[in-house]
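Engineer: have a look at this fold, sequence not included:
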């Protein structure tokens, strides 16, 4: 989903606008308007689209309003739509030098969601966006069944998704979709999916999503029990905090960070550096503690839409600021080295 060349196909221009709006954290309805318009354009022949643009009847089509119609007309005229030019000029965020070096070294993203759970886009769209960012792989980690509010995958749905990913990978060249899950850590530290299914996955991200205000000793035991599980590869957004965004603020969970990070180092579980702007988890003081503990790390986006896959620089900047060694960032490794580690 990189910058489109001029003249751009109308549907490509509309999808690029949606992507940049997502990256800028604009409201979902605005993003959806451009993506819906792109889907409508895909259904038309070039001749019909041009005829409607000339007759001024584009807005009679489903999902095309005045703004999207203007973008289509400008694209058909061989121009880059003004709306797109404005987003391209203002949408990028500067990355500090150290963060830019880390971002350039990343080969993939190990925490993403599709519309199979609470993501907003189909798997192929997420894959296309990841490949467009220069990734070599992306892990599909939809939620586990306990998180019903996020349409978590039952065992049967997860098995079905594994077949879908296998079929998708068969048609890809030079890119790989890794099977995975963001599995809930239950209150007793067990995982919200069967061992049989977890054993089939390439990447398992384990996260706490419930009882976030538990006492520190309870939360510590819960997290360490999950970290010690041989199926777990990555500890997701460890404090559960929210620092901004539509869901409001949420304080950090309380736990003994030294004990938790010592467990991560002992069992070879990577601490996730969650790049979502509303999370930025863990806080820098804890990130530095994890570095001192000798932990591995995964810089992930926790993306729920294609444009959010471009949020990794937020995590990279924080990794650079806290002195995270490049060799300890697991998603800077080749896919073969990564899978050798997750299958350890």
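Structural biologist: Arrived safely, thanks for sending. From a predicted model like this one, the values you see are computed outputs, not experimental measurements.

Engineer: which parts of the helix or strand of the chain with the lowest mean pLDDT are buried?
Structural biologist: When each helix and strand of the chain is scored by mean pLDDT, DSSP states H and E, helix 82-90 comes last, with a mean of 81. Buried residues in helix 82-90, defined by neighbour count with 16 or more other C-beta atoms under 10 Å: 83, 84, 87. C-betas here are computed from N, CA, C, even on glycine.

Engineer: so which of those residues comes closest to residue 140?
Structural biologist: Nearest to residue 140 among the buried residues of helix 82-90: residue 87, at 27.2 Å, using C-beta to C-beta.

Engineer: what residues are up against the closest one?
Structural biologist: Residues near residue 87 by C-beta atoms under 8 Å, 6 or more residues apart in numbering: 17, 20, 21, 24.

Engineer: thinking again about what came up before, residues in contact with the very next helix or strand once past the least confident helix or strand of the chain?
Structural biologist: Next in sequence after helix 82-90, counting helices and strands by DSSP states H and E, comes helix 97-105. For helix 97-105, contacts defined as C-beta under 8 Å, 6+ apart pick out 95, 299, 312-313, 316-321, 324, 326, 329, 332.

Engineer: list just the nearest of the buried residues of helix 82-90 to residue 141.
Structural biologist: For the buried residues of helix 82-90, the nearest to residue 141 is residue 87 (28.3 Å; C-beta to C-beta).

Engineer: could you measure the residue lying farthest from the centre of the chain against residue 79, distance?
Structural biologist: For the chain, the residue at maximal distance from the C-alpha centroid (C-alpha atoms, centre = their mean) is residue 55, at 40.9 Å. Distance check for residue 55 against residue 79: by C-beta to C-beta, to the nearest Å, it reads 19 Å.

Engineer: and the helices in this structure?
Structural biologist: 10-23, 28-42, 46-55, 66-76, 82-90, 97-105, 123-132, 155-170, 195-200, 216-227, 257-267, 284-292, 312-321, 335-342 (DSSP state H).

Engineer: which of the contacts of helix 97-105 sit farthest apart?
Structural biologist: Within the contacts of helix 97-105, 321 and 332 form the most distant pair, 17.1 Å apart (C-beta to C-beta).

Engineer: which of those two has more residues huddled nearby?
Structural biologist: Comparing residue 321 with residue 332 by other C-beta atoms under 10 Å, the one with more neighbours is residue 332, at 20 against 14.

Engineer: excluding covalently adjacent residues, which one is nearest to the more buried one?
Structural biologist: In this structure, residue 332 finds its nearest non-sequential neighbour in residue 105, 4.5 Å apart by C-beta to C-beta, 6 or more residues apart in numbering.

Engineer: can you count the residues close to the one you found?
Structural biologist: Residue 105: 15 neighbours (other C-beta under 10 Å).

Engineer: pLDDT score for residue 180?
Structural biologist: Looking at residue 180, its pLDDT reads 98.

Engineer: which residues are in contact with it?
Structural biologist: Contacts for residue 180 (C-beta under 8 Å, 6+ apart) come out as 110, 139, 140, 141, 201, 202, 203, 204, 205.

Engineer: the same query, at a cut-off of 10 Å, please.
Structural biologist: 110-112, 138-142, 161, 165, 198, 201-205, 233-234, 342 (C-beta atoms under 10 Å, 6 or more residues apart in numbering).

Engineer: what does residue 233 give?
Structural biologist: By C-beta under 10 Å, 6+ apart, the neighbours of residue 233 are 110, 139, 180, 201-206, 268-270, 272, 296, 298, 330, 338, 341-344.

Engineer: then residue 198?
Structural biologist: So, once contact is read as C-beta under 10 Å, 6+ apart, residue 198 ends up touching 144, 158, 180-181, 183, 191-192, 204, 206, 229-232.

Engineer: okay, and which of these map to strands?
Structural biologist: Of the contacts of residue 198, the ones assigned to strands by DSSP state E are 180, 181, 183, 204, 206.

Engineer: pretty sure residue 165 contacts residue 181?
Structural biologist: No - with contact defined as C-beta atoms under 10 Å, residue 165 does not count as touching residue 181 (11.7 Å).

Engineer: so what's in contact with those two at the same time?
Structural biologist: Joint contacts of residue 165 and residue 181 (C-beta under 10 Å, 6+ apart) are 140, 202.

Engineer: who has more neighbours, these two?
Structural biologist: Of the pair residue 165 and residue 181, residue 181 is the one with more neighbours under other C-beta under 10 Å, namely 28 against 19.

Engineer: gap between the closest residue to residue 334 other than its chain neighbours and residue 139?
Structural biologist: In space, and not counting its chain neighbours, residue 334 is closest to residue 107: 6.7 Å by C-beta to C-beta, 6+ apart. To residue 139, residue 107 is 12 Å away according to C-beta to C-beta.

Engineer: quick check: neighbours shared by these two?
Structural biologist: Contacts common to residue 107 and residue 139, judged by C-beta under 10 Å, 6+ apart, are 331, 338.
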